[in-house]
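Trainee: Need coordinates for the following:
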Amino acid sequence: MRAAMGVFGTIWDIGESAGPIVAGFLIARMSYAHSLDIIAMLLVVVALIFAFTVADPEKEMKQSGE
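Mentor: Predicted coordinates:
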């Protein structure tokens, strides 16, 4: 569990620092509306990938009989 929390913290920090940089780049190249549309589409794609690839630990425990 500790290793997972370390990875989570690292990803969180990368997102916190890269998010404003990427958003600023997009806003400088396009309008706010187009930038927000691109960011929203990216979030939807990532959420769908996450939903279909990450297993539910409770469901796995029930199936294994624990």
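Trainee: Need the per-residue pLDDT for the spatially most central residue of the chain.
Mentor: By C-alpha atoms, centre = their mean, the chain has its centre lying nearest to Val46, at 5.8 Å. Reported pLDDT at Val46 in the predicted model: 92.
Trainee: which residues does it contact?
Mentor: By C-beta atoms under 8 Å, 6 or more residues apart in numbering, Val46 lies in contact with nothing. Any C-beta I mention is one placed from the backbone N, CA and C, and that applies to glycine too.
Trainee: From Phe8, how far off is it?
Mentor: Relative to Phe8, Val46 is positioned 15 Å away (C-beta to C-beta, to the nearest Å).
Trainee: cool, Met41 as well?
Mentor: When C-beta to C-beta is applied, the distance between Met41 and Phe8 equals 24 Å.
Trainee: ok, now Leu26?
Mentor: For Leu26, the distance to Phe8 - C-beta to C-beta - is 26 Å.
Trainee: Of these two, give the one with the bigger neighbour count.
Mentor: Leu26 (17 against 10; other C-beta atoms under 10 Å).
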